[in-house]
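Q: attaching a predicted model along with its sequence, questions to come.
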Amino acid sequence: MTSKARPRVFLDGYNLALGQGTGVATYARNLSLAMGSLGTEVGVLYGTRAAPSLDPLIREIAFFDERVGSPPGWLVALRRARRMWRAAVGELAVPVPITGQVIATTFRDRLPHFDEIWNSQDLFQQAHAHFRVFGVELQVTIPDRPQLMHWTYPLPLRAKGTRNIYTMHDLVPLRLPYTTLDNKRRYYRLNRRLGRDADHIVTVSEASKRDIVNLLGVPEERVTNTYQAVDIPRKFTDVPMHQVAAEVQGSFGLEAGGYWLFFGAIEPKKNVGRMIQAFLASGVEGPLVIVGKKAWKSEEELRLMFDDHIRYLVQEGMTLRTRHKIMLLDYAPFRLLVNLIRGARGVLFPSLYEGFGLPALESMLLGTPVITSNTASMPEVVGDAALTVDPYDISALVQAIQAMDRDELLRARLAHAGPQRAALFSAERYAARLAELYTRLGVPPAARQPSAAGYRMAV
């Protein structure tokens, strides 16, 4: 039974279901934590492929593993008929009991903070198909409707009978259309429609707010910038540096303070190709470690990695060994990623365009010097606590890398300023901005609760 003293607020699990972290998944988890800290009853709406079941244990199993087997044929036919009938009235969410009967420790870092979880089969795929055909959002019914539905992404969905607000992180498909695979016409039509019909639009920087106002024509008073939360549990940040150095050395043969780091998706927007070119041209010692999933056009971004000149020989006793100027890791577990950041000489994040730029602030929070872009949101986010350069200017990138490598005082200043700047985007400050927004929308917070654990970085 829902307590009337606690507002019931939902968010979607669109990006939370992904196997590895993304910036939007990190945003959604931190949003759920902030919701919980405001005393709201937090619901999460997923859209997994698993068919609903009358058996609550099967529903719980299917949430963690869709391979539960097919239901009887007659039930499939009945559900298909019901779905066709509901095409006009919308989808129905069903509760997913999380009782602990399924051992879900493996998914602990992937799950948001929640009081209840709901699912509607193939909801997000159905919504995109519905919008392609009809040009309108798909309606979804959540029983005992919440006071607010906070969509963490511009999705063609609308919860019936409640306020619907949408987070637009950036408008990269419109500003840098050649860096994404989106259908630009459909993307523009959906975002224009949401900007017109949503109860409110949320974004994560003043740069993104300007784009939403200017490109989509949304009135400024209907857009609120809450920024994002940047927070890493102390059990990771307080690991002694000698342990960090030992783990980095033992895992990858890297010397703490002797390598450079980039982490994030490998795609055109992240500017990895120019970053590699500038790093090789800088002549600095130590390898560049790239941690990230290969995405669209990753081969083009990484083309210099396959040239012979990025390999070199070093003398170890009487033996010559091959070393690589660039190391590529598809993925690093959370603890190891934090240690890689803390042990780096500097983090390179020269993205062409960011709505917020989590990797830069995560690195600054950990006291690692950062070189990033002077475009979009990055100047307002990092302030003077990082080196900012024109991401299209390879010579400027080379000079910044060389300056940071040679100037110990510069590295020390940035290492000191980084955590102070990151504190402006703490979980507490983010929750306060969120509370102010929800109050304006008629959903004031209840008594604040301690934030739940469960942060995961955006890789």
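A: Yes, it's here.
Q: phi, psi of Arg335?
A: Main-chain dihedrals, Arg335, degrees, to the nearest 10: phi -60, psi -40.
Q: cool, and Ser373?
A: Note on Ser373: its backbone torsions stand at phi -90, psi 160 [degrees, to the nearest 10].
Q: does Trp118 sit in a helix, a strand or a coil?
A: For Trp118, the assignment made with DSSP: H, G, I helix; E, B strand; the rest coil gives strand.
Q: hey, what's it bridged with?
A: Leu45, Pro95 (DSSP bridges).
Q: what about it, neighbour count?
A: Neighbour count for Trp118, taken as other Cβ atoms under 10 Å: 22. Glycine gets a C-beta too; all of them are placed from N, C-alpha and C.
Q: ok, Arg234 next?
A: Counted with other Cβ under 10 Å, the neighbours of Arg234 add up to 8.
Q: from Glu285, how far off is it?
A: Distance from Arg234 to Glu285, counting by Cβ to Cβ, to the nearest Å: 32 Å.
Q: with Ile142 instead?
A: Between Ile142 and Glu285 the computed distance is 56 Å (Cβ to Cβ).
Q: and what of Glu428?
A: 40 Å.
Q: do the same with Gly355
A: Distance, Gly355 to Glu285, using Cβ to Cβ: 34 Å.
Q: host element of Glu354?
A: Secondary structure from DSSP states H and E places Glu354 outside every helix and strand.
Q: I'd say it and Val382 touch.
A: No: between Glu354 and Val382 there is no contact, the gap being 10.4 Å when judged by Cβ atoms under 8 Å.
Q: Ser251 should be in a helix, yeah?
A: Yes: checked against three-state DSSP, Ser251 lies within a helix.
Q: and the closest residue to it other than its chain neighbours, how many residues sit next to it?
A: In this structure, Ser251 finds its nearest non-sequential neighbour in Leu336, 6.3 Å apart by Cβ to Cβ, 6 or more residues apart in numbering. Other residues within reach of Leu336, judged by other Cβ under 10 Å, total 16.
Q: which helix or strand contains Leu336?
A: Here Leu336, judged by DSSP H and E, is contained in helix 334-343.
Q: what helices and strands are in contact with that helix?
A: Contacts defined by 3 or more Cβ pairs under 8 Å, 6 or more residues apart in numbering; DSSP states H and E place helix 334-343 against helix 234-237, helix 241-252, strand 260-263, strand 288-291.
Q: please repeat the previous calculation with a cut-off of 7 Å.
A: Contacts defined by 3 or more Cβ pairs under 7 Å, 6 or more residues apart in numbering; DSSP states H and E place helix 334-343 against helix 241-252, strand 260-263, strand 288-291.
Q: for the second one, which strands pair with it and how are they oriented?
A: The pairing partners recorded for strand 260-263 under DSSP bridges are strand 288-291 (parallel), strand 346-349 (parallel).
Q: how far does the first one sit from its chain's centre?
A: Once both centres are worked out by Cα atoms, centre = their mean, to the nearest Å, strand 288-291 turns out to sit 19 Å from its chain's centre.
Q: other residues contacting that strand?
A: 254, 259-263, 272, 279, 325-329, 332, 337, 340, 459 (Cβ atoms under 7 Å, 6 or more residues apart in numbering).
Q: and stretch 350-367, C-alpha only, in CSV?
A: Provided in CSV are the C-alpha atoms of stretch 350-367 (Å, rounded to 0.1, in the frame of the first residue of the first chain):
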residue,chain,number,x,y,z
PRO,A,350,38.7,16.6,-26.0
SER,A,351,35.1,15.8,-27.0
LEU,A,352,33.6,17.8,-29.9
TYR,A,353,30.4,18.4,-28.0
GLU,A,354,29.0,17.4,-24.6
GLY,A,355,25.7,18.2,-22.9
PHE,A,356,27.5,17.9,-19.5
GLY,A,357,30.8,15.9,-19.7
LEU,A,358,30.8,13.5,-16.9
PRO,A,359,34.2,11.9,-17.5
ALA,A,360,36.0,15.2,-17.1
LEU,A,361,34.3,16.0,-13.8
GLU,A,362,34.7,12.4,-12.5
SER,A,363,38.4,12.7,-13.1
MET,A,364,38.6,16.2,-11.5
LEU,A,365,36.7,14.8,-8.4
LEU,A,366,39.5,12.2,-8.1
GLY,A,367,42.2,14.9,-8.3
